[in-house]
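Student: the following comprises the amino acid sequence and a computationally predicted model.
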Amino acid sequence: MTGRTIRVETPGDDGVALVTIDRPERHNAIDLETAAELTATWRAVRGDDGVRAVVLTGAGERAFCTGIDRSVSVPQPSSPYAMDDPLLAIGPKANDLWKPVIAAVGGMACGGAFYLLGECEFLIAAESATFFDPHTTYGMVSAYEAIGMAQRMPFGEVARMSLMGTAERLSAARAYETGLVSEVVRDGEAVGAALRAAAVIAGYPSAAVQGTVRAVWSAREAARSQALAGAPHLITLGNAPPEQQAGLFAARKRGHRMR
């Protein structure tokens, strides 16, 4: 299952796979190759009975994932009713994987990283982890990202994070208070904590675990499906032209407020 940008390991014989986005030099941003490898990884895990739980993380200490790599260029259809999004299939649920996935977050998690975090069962974060959504700052609509986070956080918190862009970052402590994160651990310990939790879950009968995962997700599936159906139109209508986005990115301010 291991590819050039996605590393898959089985640290023990407990049925747990560790999936690592391995582009630390790019803050684990997702290019088209990485997107394809993530899709292939979830599909492979789905068919591997030896894997009963998964931990997802990013390589290095600076970032879990910073969303789509800005070097990626995806030509869009001319119709406002159609949109091509290379990140739509990078998450486990998008690939019909109902084995539990636990995210171990260290460093920055922002923007398109929420496609992944929004499809994990729960998050464990290092103390220095931060969460933010830069879309509005760069003239882009936060649709799929905001929808994913709206399943995990109070409305006001999602709205604030989505609208404040790069001006604010959510600390791991505040993310825990809002319910986005289920546990905060010391730096360097998130993966270990997630592996321990995953090992416990992997030790239970797999059919019961997967059925429970599916039941939990079904509780909110209707609202989520309706929201996702409208996302492409909002993005197509609201996104600034690519050249304007590039200009806003180049002129971005480096400072931010932590809360």
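Tutor: On my side now, so go ahead. The model shown is predicted, which means the values in this text are computed figures rather than measured ones.
Student: could I get the full set of helices for the protein?
Tutor: With DSSP state H as the criterion, the chain has helices at 32-47, 113-117, 144-150, 155-164, 172-178, 190-202, 206-218, 221-238, 242-250.
Student: pLDDT of the fourth one, averaged?
Tutor: In this model, helix 155-164 has an average pLDDT of 96.
Student: likewise stretch 76-84?
Tutor: pLDDT averaged over stretch 76-84 gives 77.
Student: and that stretch, what's buried?
Tutor: Neighbour-count burial for stretch 76-84, counted by 16 or more other Cβ atoms under 10 Å, picks out M83. C-beta coordinates here come from the backbone N, C-alpha and C atoms, glycine included.
Student: wait, which of the helices of the chain is closest to D14?
Tutor: helix 190-202 (4.5 Å; Cβ to Cβ).
Student: tell me the mean pLDDT for the closest one?
Tutor: 98.
Student: which elements pack onto it?
Tutor: strand 16-21, strand 53-58, strand 101-105, strand 122-126 (3 or more Cβ pairs under 8 Å, 6 or more residues apart in numbering; DSSP states H and E).
Student: alpha carbons only: can I get the third one in CSV?
Tutor: The C-alpha coordinates for strand 101-105 follow below in CSV (Å, rounded to 0.1, in the frame of the first residue of the first chain):
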residue,chain,number,x,y,z
VAL,A,101,-9.7,6.0,11.6
ILE,A,102,-8.1,8.0,14.3
ALA,A,103,-6.2,11.2,13.4
ALA,A,104,-2.9,12.1,15.3
VAL,A,105,-2.4,15.8,14.7
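Student: hang on, the earlier thing: quick one, which of the helices and strands packed on helix 190-202 gets closest to A199.
Tutor: Among the helices and strands packed on helix 190-202, strand 16-21 comes nearest to A199, with 5.4 Å by Cβ to Cβ.
Student: so what strands line up beside the closest one?
Tutor: Applying DSSP bridges, strand 16-21 is found paired with strand 6-9 (antiparallel), strand 53-58 (parallel).
Student: rebuild those as a markdown table, extending it with mean neighbour count.
Tutor: Shown next, in a markdown table, are these (neighbours: other Cβ atoms under 10 Å):
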| stretch | mean neighbour count |
| --- | --- |
| strand 6-9 | 18 |
| strand 53-58 | 27 |
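Student: re earlier: most tightly surrounded among the helices of the chain?
Tutor: Highest mean neighbour count among those (mean count of other Cβ atoms under 10 Å): helix 113-117, with a mean of 27.
Student: which other helices and strands contact that one?
Tutor: By 3+ Cβ pairs under 8 Å, 6+ apart, helix 113-117 packs against strand 63-65, strand 101-105, helix 144-150.
Student: quick one on the thing from earlier: which one of the helices of the chain has the lowest average pLDDT?
Tutor: Taking the mean pLDDT of those, helix 221-238 comes last: a mean of 64.
Student: hang on, the earlier thing: mind putting the strands paired with strand 16-21 in TSV, distance to T41 included?
Tutor: As requested, the strands paired with strand 16-21 are exported to TSV (distance: least, Cβ to Cβ, whole Å):
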stretch	distance to T41
strand 6-9	5
strand 53-58	9
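Student: want to try JSON lines for those, with distance to R220 and mean pLDDT as columns?
Tutor: Converted to JSON lines, the strands paired with strand 16-21 look like this (distance: least, Cβ to Cβ, whole Å; pLDDT from 0 to 100):
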{"stretch": "strand 6-9", "distance to R220": "28", "mean pLDDT": "97"}
{"stretch": "strand 53-58", "distance to R220": "20", "mean pLDDT": "98"}
